[in-house]
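*Asks:* Curious how this folds, go ahead:
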Amino acid sequence: MEAVKVSRRTWFAVAVLSLCGQGGMEGQTIPKGSGPPVVLINGWQALCTATNGGNAITDAQPYFGSLAAFLGNSGFNVLFFNTCQYGDVAIETIAANFSGFLAGLAYDDGTAVNQVDIVAHGMGGLVARAYLAGKSQTSGSFAPPINSKVRRLVLIATPNFGSFQADINHGIQETQMVPGSQFSWDLATWNQNQDDLRGTDALAIVGNAGTWGGSSNGSDGYVSLTSASLGFARTDIRTRVVPYCHVTSATVPASFPLSCQGQGIASVDSQSHLTFQILLAFLSGLPNWQTVGLPPSQDNFLGQNGGIGGVILTLKASDDTYFKDLISAGYDCIGTRCSGHLGSGPSSAVASVYYNEVVQLGQRTFVMTHGDGSSTAQAATVVSGGTKAFSLKLGPVITGVQSSVSTGLPGLTVSGNSTITVTGSGFMSTASTQLFANGTALAVSQVSDTQITAFLPGNYNGLVQLKVVNGNGQHTVNMFTASASPVITITSVLNGGSGAPGAIAPGEIVSIKGSLLGPATGVSFAINSAGKVDTTLGGVQVHFGDFAAPLTYASATQINAIVPYEVASQAQLAMRVDYQGLSASTNLQVANAAPGAFTFNATGTGQVIAANLSNGTFNGPSSPAPKGSFVTIYFTGGGITNPAGSTGSVNSGSVLKKLLQDVFVTVGGRTADVPFAGAAPTLVDGVLQLNIQLDPATPSGSAQPLIIRVGGVVSPSTATLAVQ
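*Replies:* A predicted model of the protein is given here:
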């Protein structure tokens, strides 16, 4: 009996953690140069005219003009990430794909690209920001990568706080870009109630050739200067104002709104284009970008009458819940007369969000009116250079967190295993003040009305919810944490089927367990252009001795790898994991075989993943195999095949690869006949298939022990098969 192709593999795919999943975007190979490659990200498009064909000069031309060509002529490796290819999906979804794009980048010598520069136009800047924050659209949570891989970031005409031309009736992305949207609020406040772009060396290029409201030179025709400026994260000089439109007006249909006439800010048509001059200097690390254009403080619109800034805000009650009954908001009010009013953002089930793109600088008193006619007033200071997010709140308020030990990472990063200082207000009350990190109480050493000192243990990494609770109420903020010296830890290397430790075998699928092994959000494998499983996944690489292993899954706590067949001649070797400049290794013994069956619960115990060939059902208590019938079982660790397996390949099934060593199987203590044992057709090389015929005298039962012996090496007896 030859190998049988089993078509129903859904549960099998789940059990082996993405071994049968669909591949993602293929990695791009880049000539190794003197500096990081530059990735161009385009913005929202009414009509997409190009795809990612691998040639940045031609693919990016409809969106960036000759920018890619000019940067290439200046010695930069330029790549293009086309947001158009995903359709009208949430910006966070595109950001997740961008994360996979970065993870797949490699130099032509095979090493991973661990640092890039990003130049983003319009909505592309929001994609970059959502990536840096690890923003999830489905859960509303954040899982920022510990190492963002971004060296420099340029946001060109990015609607950081929305576009006044966006319309909630024109799709998902436009709704997210309406001023005052929940998306812009969440992104602006994800880390300690702000977004500092993870400390990335960042710059904004803003166009002022268009009107905003009744003001000339207040926008680029789509985005106001306060929305596009970088004042929320950087100093005044980090925004350069230049006389351009959002896009070249001659290319915009008359029916499409654009309150601007002239050249597009990202449509670089010559090397004298001011955007190109700024980019060339900034990406080269030269200071003369500061002489091109003007900072907001010197711009006629942003700097007039003492200067203006934008505002986006919400209001929380003392119990830390958002007020959702607000009907209006204004500032500097006397009775019903206010100096200015705020607009209401799109309807949200989370919070009432209000905004105004033009507010005079200085301390303003914001007054929010509730549905019952009552009002709440809170003071906040409007700053120059862009828009500021204000999380106004009653009761205790956390405004910032600092640690006594540096993490060595840029930006707002708090170190574990250190003393932290929490600043804010309303901390003192008649009831005792407590501080919690992810629900666990911290040891508080000192409390004043504006400051709390406590110790944060070293087991916190990634985004942590810090909560203060006292008689005045409570307040929770996110804070990004990392170890002072991030270290990869390998705790175990287990058989991918049985979950058992021990010697490894050529072609075996293994699960590497530990901490900081890879990205916080798991990444499944991709098939590259050569038809093989990539050896770089999510920025992770694993080497067994001198040989790179194909990776089928990578996350912070687990990596699934395929042991290269090339290790067959070795008795022992060092296995090394590399991720974002960090590495860890462990010594392993090499055996001829290490069989382990895949089980439905992916632990190596209980019901084995098997198909009853008598009726095509999955084997299990409700569908046991008749005695004497044929069953197909999946396992790994059988060693060398004939013809020889190819590391990382996918078996076509046209040529059957049988195990070289003798294979014996018992079910319920009775020996089964084994007409075929070898590589599973259509699956990744390393997934093995057994076709067995049960002994007619096999005991009945829903959990008969299954034992596989290959060349004298016996599998654990923890997997079971159901027999009628």
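
*Asks:* send the alpha carbons of stretch 159-166 over as PDB?
*Replies:* Presented in PDB, the C-alpha positions along stretch 159-166 are these (Å, rounded to 0.1, in the frame of the first residue of the first chain):
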ATOM      1  CA  PRO A 159      -3.000  63.000   8.900                       C
ATOM      2  CA  ASN A 160      -1.900  62.100  12.400                       C
ATOM      3  CA  PHE A 161      -5.100  63.500  13.800                       C
ATOM      4  CA  GLY A 162      -7.300  63.100  10.700                       C
ATOM      5  CA  SER A 163      -8.000  64.800   7.400                       C
ATOM      6  CA  PHE A 164     -10.700  67.400   7.100                       C
ATOM      7  CA  GLN A 165     -11.500  65.900   3.700                       C
ATOM      8  CA  ALA A 166     -12.100  62.400   5.000                       C
END
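
*Asks:* Past the helix or strand that contains residue 310, which element shows up next along the chain?
*Replies:* Residue 310 belongs to strand 308-316 when elements are defined using DSSP states H and E. Counting by DSSP H and E, the element after strand 308-316 in chain order, helix or strand, is strand 326-334.

*Asks:* How far does that next one sit from its chain's centre?
*Replies:* Centre-to-centre, strand 326-334 and its host chain are 38 Å apart (C-alpha atoms, centre = their mean, to the nearest Å).

*Asks:* which helices and strands sit right next to it?
*Replies:* strand 308-316, strand 337-344, strand 354-360, strand 362-370 (3 or more C-beta pairs under 8 Å, 6 or more residues apart in numbering; DSSP states H and E). Backbone N, C-alpha and C define where each C-beta goes, glycine included.

*Asks:* Can you show me the helices along the stretch 101-250 of the chain?
*Replies:* For the stretch 101-250 of the chain, the helices defined by DSSP state H, counting those that start in this stretch occupy 123-133, 172-176, 182-188, 225-228.

*Asks:* Highest mean neighbour count out of those helices?
*Replies:* helix 225-228 (a mean of 30; mean count of other C-beta atoms under 10 Å).

*Asks:* pLDDT weak spots in the chain?
*Replies:* Low-confidence segments of the chain (pLDDT under 70): 1-29, 34, 49-54, 138-139, 304-306, 484-486.

*Asks:* Surely residue 378 is in a strand?
*Replies:* Yes: membership of residue 378 in a strand is supported by DSSP: H, G, I helix; E, B strand; the rest coil.

*Asks:* That one reaches residue 363, doesn't it?
*Replies:* No: Residue 378 lies out of contact with residue 363 (C-beta atoms under 8 Å); the separation is 11.1 Å.

*Asks:* Compare the two (neighbour count), which wins?
*Replies:* Set residue 378 next to residue 363 and count neighbours by other C-beta atoms under 10 Å: residue 378 wins out with 18 against 9.

*Asks:* quick one: that one from residue 404, how far?
*Replies:* As judged by C-beta to C-beta, to the nearest Å, residue 378 and residue 404 stand 31 Å apart.

*Asks:* Was I right to think residue 165 contacts residue 219?
*Replies:* No: applying C-beta under 8 Å as the test, residue 165 and residue 219 come out as separate, 9.0 Å apart.

*Asks:* Between the two, which is the more surrounded one?
*Replies:* Higher neighbour count among residue 165 and residue 219: residue 219, with 31 against 20, using other C-beta under 10 Å.

*Asks:* In the chain, what residue spans correspond to helices?
*Replies:* Secondary structure of the chain (DSSP state H): helices at 10-15, 56-59, 61-64, 67-73, 91-103, 123-133, 172-176, 182-188, 225-228, 274-283.

*Asks:* Can you spell out which helices and strands pack onto the fourth one?
*Replies:* In this structure, helix 67-73 packs against strand 38-41, helix 56-59, strand 78-81, helix 274-283, with contacts taken as 3+ C-beta pairs under 8 Å, 6+ apart.

*Asks:* got the buried residues for that helix?
*Replies:* 67-71 (16 or more other C-beta atoms under 10 Å).

*Asks:* Which of those residues sits closest to residue 524?
*Replies:* Checking the buried residues of helix 67-73 against residue 524 by C-beta to C-beta gives residue 68 as the nearest, at 30.4 Å.

*Asks:* of the helices of the chain, which approaches residue 635 most closely?
*Replies:* helix 10-15 (11.5 Å).

*Asks:* Can you give me the end-to-end span of stretch 329-341?
*Replies:* 6 Å (C-alpha to C-alpha, to the nearest Å).

*Asks:* Any idea how far it is from the middle of the chain?
*Replies:* Averaging C-alpha positions (C-alpha atoms, centre = their mean) puts stretch 329-341 41 Å from its chain's average.

*Asks:* Show residues contacting that stretch.
*Replies:* 311, 313, 328, 342, 344, 354, 356, 359-360, 364-369, 377 (C-beta atoms under 8 Å, 6 or more residues apart in numbering).

*Asks:* Could you rerun that using 7 Å?
*Replies:* 342, 354, 356, 359, 364-368 (C-beta atoms under 7 Å, 6 or more residues apart in numbering).

*Asks:* Stretch 83-96 now?
*Replies:* For stretch 83-96, the external contacting residues (C-beta under 7 Å, 6+ apart) are 41-42, 45, 48, 51-52, 97, 123-124, 126-127, 130-131, 135-137, 171-173, 176, 183.

*Asks:* If we go by neighbour counts, what in that stretch is buried?
*Replies:* 83-84, 86, 90-96.

*Asks:* now stretch 407-423
*Replies:* Quick answer for stretch 407-423 (16+ other C-beta under 10 Å): 407, 409, 411-416, 418-420, 422-423.

*Asks:* Narrow those residues to those in strands?
*Replies:* Judged by DSSP state E, strands contain the following of those: 413-415, 418-420, 422-423.

*Asks:* surely residue 696 meets residue 627?
*Replies:* Yes: assessed by C-beta atoms under 7 Å, residue 696 is found in contact with residue 627 at 5.1 Å.

*Asks:* which one of the two has more residues nearby?
*Replies:* Legend: neighbour count by other C-beta under 10 Å for residue 696 and residue 627, higher for residue 627 (17 against 10).

*Asks:* how close does the more buried one sit to residue 721?
*Replies:* 12 Å.

*Asks:* Then residue 666?
*Replies:* Taken as C-beta to C-beta, the span from residue 666 to residue 721 is 10 Å.

*Asks:* Same check on residue 629?
*Replies:* For residue 629, the distance to residue 721 - C-beta to C-beta - is 11 Å.

*Asks:* ok, back up a step: which one of residue 666 and residue 721 is surrounded by more residues?
*Replies:* The neighbour count for residue 666 versus residue 721, taken as other C-beta under 10 Å, is higher for residue 721 (28 against 19).

*Asks:* which one is the more buried one nearest to, not counting chain neighbours?
*Replies:* Counting by C-beta to C-beta, 6 or more residues apart in numbering, residue 721 lies nearest to residue 706, which is 4.8 Å off, once chain neighbours are set aside.

*Asks:* Take the contacts of stretch 329-341 and lay them out in JSON lines including distance to residue 161 and neighbour count.
*Replies:* Listed next are the contacts of stretch 329-341 as JSON lines, based on distance: C-beta to C-beta, whole Å; neighbours: other C-beta atoms under 10 Å:
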{"residue": "342", "distance to residue 161": "12", "neighbour count": "24"}
{"residue": "354", "distance to residue 161": "12", "neighbour count": "26"}
{"residue": "356", "distance to residue 161": "10", "neighbour count": "25"}
{"residue": "359", "distance to residue 161": "12", "neighbour count": "22"}
{"residue": "364", "distance to residue 161": "17", "neighbour count": "22"}
{"residue": "365", "distance to residue 161": "21", "neighbour count": "14"}
{"residue": "366", "distance to residue 161": "16", "neighbour count": "26"}
{"residue": "367", "distance to residue 161": "21", "neighbour count": "20"}
{"residue": "368", "distance to residue 161": "19", "neighbour count": "24"}
